[in-house]
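Participant: Quick check, what structure comes out for this input:
(chains A and B)
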There are 2 protein chains.
Amino acid sequence: MARCIRCGRRAVVRLRYARASFCREHFLEYVEDRVRKTVERFGMLRGGDRVLVAVSGGKDSLALLRILSGFEGIEVVPLFIDLGISGYSEECLRACEELCEELGLELQVYDLESRHGFTVDDLARLEPKLGRPVCSSCGLVKRYVLNEAALELEATCLATGHTLDDESAYTLHNVLTGNVDQLLRGGPVLEGRHPKLVRKVKPLYEVSTFETGEYCRLSGVKPVSAECPYRVEKVLRLKELLGHVEEVRPGVRLGFMRFYLKRLKPALAEAYGSKVGEAGSCRLCGFPTSREVCSFCRLKERVLELLGGSRRA
Amino acid sequence: MARCIRCGRRAVVRLRYARASFCREHFLEYVEDRVRKTVERFGMLRGGDRVLVAVSGGKDSLALLRILSGFEGIEVVPLFIDLGISGYSEECLRACEELCEELGLELQVYDLESRHGFTVDDLARLEPKLGRPVCSSCGLVKRYVLNEAALELEATCLATGHTLDDESAYTLHNVLTGNVDQLLRGGPVLEGRHPKLVRKVKPLYEVSTFETGEYCRLSGVKPVSAECPYRVEKVLRLKELLGHVEEVRPGVRLGFMRFYLKRLKPALAEAYGSKVGEAGSCRLCGFPTSREVCSFCRLKERVLELLGGSRRA
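Facilitator: Residues are numbered from 1 along each chain as shown, chains lettered A, B, ... in the order given. A predicted model of the protein is given here:
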């Protein structure tokens, strides 16, 4: 292993895209600086922001929490959603609690079942009847309740642990499938375009999961080791494919995302207009939707109906 | 194997993206129709065109020649460039000759060495001194001499065997690396923007190499079996990567290329202007170039210098 480019001590991490090696201390500093620069460049946070940080127990969101907790001028509120996945959610919660204790932060726990009357275990069991893969339902539920919790906790913004790996694979997917709407909507900051929609930011937009993994390892953060029992191998493994390309061409994902944000998205917006129209409000919950009843309320209604109302909250 | 969707006979080819199976006869017809439609949609050929068809001996270009030779209203002129790759070029020539004989076409042979005083074997041997990978030099040489031959043979257009696999990988490469210039220049038809530049067309733009391979096999065309001795494994194997994506999502490449042509390229052109400026003329050969002396003449000059002028034509 080479020497740290900042202090000359023995390096413990090599980043090929950056053509640099780092000792433990300077690697942590490097990642923190990178996130700080991303946050500044995209104007993600404003002084006085009360930032709800969604933590799942995984390495990305725990690294995010640890990094943001070191930022001055903002208030960090960690939030865990207990999805009710037996044997797994408990372990995830423990990982989040451990880090919050270390950081001296009070973890907010949002219990899906007590709030809405169902769990992700229910979504999995009812999958055939719902006609929707459990991962897809779970994603919908998380997006909804994160926003709901952010409003309740009076957060001014919601930060999630989406990394460069996630975002580049998502963008590539939208390019390959020609999804202009999603290409226009994507990006590191999603402004709340509705009174009940909190601004969402992705401070790890330019940080890879390799880096979050190393950040956790070297800062002593212990992410959950178990995998979600409902995890399925993605059929279209663009993340892995881009990972292979990255190995051969270090930095390709970063370059691709910069091209997307600086040139591709603006060109598409100019040509096809900002397709992101004004959102209406759901008749049941008042949250933004383009239909009469939002997807979450429709899913919830169907699930509670199938559960026979026995566990209705 | 299923039944042919056109006649109900036993099928011999299944195309997943088209959700269809075909017997031998109807598969050949299907591919020919597809090429015909591509040619029409993009206005590639005009009645009375004298089309120089570049054949290498490989399955793509031989399939192209066989298909175009069945088109009415155009004159097809097959051209083989003898690159002087010992042991290989001879075999390639033989494969081309065999098909031309069957089709009753006279094969034009352009001998690189007798025309320009060097071979691709020379380019390979001089690779370290030229500081340019032989595949890259060879590509430059082929582009140049194909155009040169087209002018000499008074062809009104030049058709090459670039397939959907080639074009989608090339386009993806340009998207990932953010190469706006190449994205603006790409497409199935390249109009000659200079008096000494012949219009180039890619009739196999929407046909995969799987299809050209099956087309050759089922029509009795025998492509060269040997591989070019200078072939190197591409480091950035986007063609293979897209092939994997295609297996999971049949039709993804076709959809991607339609998105590129219909929405992406126009949007980029609108935003960044057609960067494809007017080309100047090479001081030495008069062919188009953006510099004083074109890349081909510069390469040739250097090669002949290194060869000591002994074999100067």
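
Participant: Give me the neighbour count for the residue lying closest to A:Tyr260 once chain neighbours are set aside.
Facilitator: What sits nearest to A:Tyr260 in space, not counting adjacent residues and going by CB to CB, 6 or more residues apart in numbering or on different chains, is A:Thr171, at 5.3 Å. For the C-beta atoms, the positions are set from N, CA and C on the backbone; glycine is no exception. A:Thr171 sits with 26 neighbouring residues when counted by other CB atoms under 10 Å in any protein chain shown.

Participant: just checking, A:Thr171 touches A:Asn179?
Facilitator: No. With contacts counted by CB atoms under 8 Å, A:Thr171 stays clear of A:Asn179, the gap being 9.9 Å.

Participant: Can you classify A:Gly161 as helix, strand or coil?
Facilitator: coil (DSSP: H, G, I helix; E, B strand; the rest coil).

Participant: do A:Asp166 as well
Facilitator: helix.

Participant: Which pLDDT value goes with it?
Facilitator: pLDDT, A:Asp166: 95.

Participant: coming back round to it: could you report the pLDDT at the residue nearest to A:Tyr260?
Facilitator: 97.

Participant: near chain B, which residues of the stretch 151-300 of chain A?
Facilitator: Contact residues, the stretch 151-300 of chain A versus chain B (CB under 8 Å from any CB of the partner chain): A:172, A:175-178, A:180, A:235-236, A:238, A:241, A:244-245, A:248-249, A:252, A:255-256, A:258-259, A:263-264, A:266-268, A:270-272.

Participant: switch to 6 Å and redo it
Facilitator: A:175-176, A:178, A:235-236, A:241, A:248, A:252, A:255-256, A:259, A:267-268, A:270-271 (CB under 6 Å from any CB of the partner chain).

Participant: Pull out the buried positions in stretch A:67-84.
Facilitator: Going by neighbour count (16 or more other CB atoms under 10 Å in any protein chain shown), the buried part of stretch A:67-84 is A:67-69, A:71, A:74, A:76-84.

Participant: nearest spatial neighbour of whichever residue of the stretch 201-313 of chain A sits closest to chain B, skipping sequence neighbours?
Facilitator: The minimum distance from the stretch 201-313 of chain A to chain B, using CB to the nearest CB, falls at A:Phe259 (2.9 Å). In this structure, A:Phe259 finds its nearest non-sequential neighbour in B:Gly178, 2.9 Å apart by CB to CB, 6+ apart.

Participant: in the stretch 101-250 of chain A, which spans are strands?
Facilitator: With DSSP state E, counting those that start in this stretch as the criterion, the stretch 101-250 of chain A has strands at A:108-111, A:157-159, A:189-190, A:199-201.

Participant: Which single residue in the stretch 101-250 of chain A comes nearest to chain B?
Facilitator: For the stretch 101-250 of chain A, CB to the nearest CB, closest residue to chain B: A:Gly178, 2.9 Å.

Participant: That residue contacts B:Met257, correct?
Facilitator: No. Under the criterion of CB atoms under 6 Å, A:Gly178 is not in contact with B:Met257, lying 9.5 Å apart.

Participant: between those two, who's got more neighbours?
Facilitator: Comparing A:Gly178 with B:Met257 by other CB under 10 Å, the one with more neighbours is B:Met257, at 22 against 18.

Participant: dump the residue contacts of that one.
Facilitator: Taking CB atoms under 6 Å, 6 or more residues apart in numbering or on different chains, we find B:Met257 in contact with B:Ser168.
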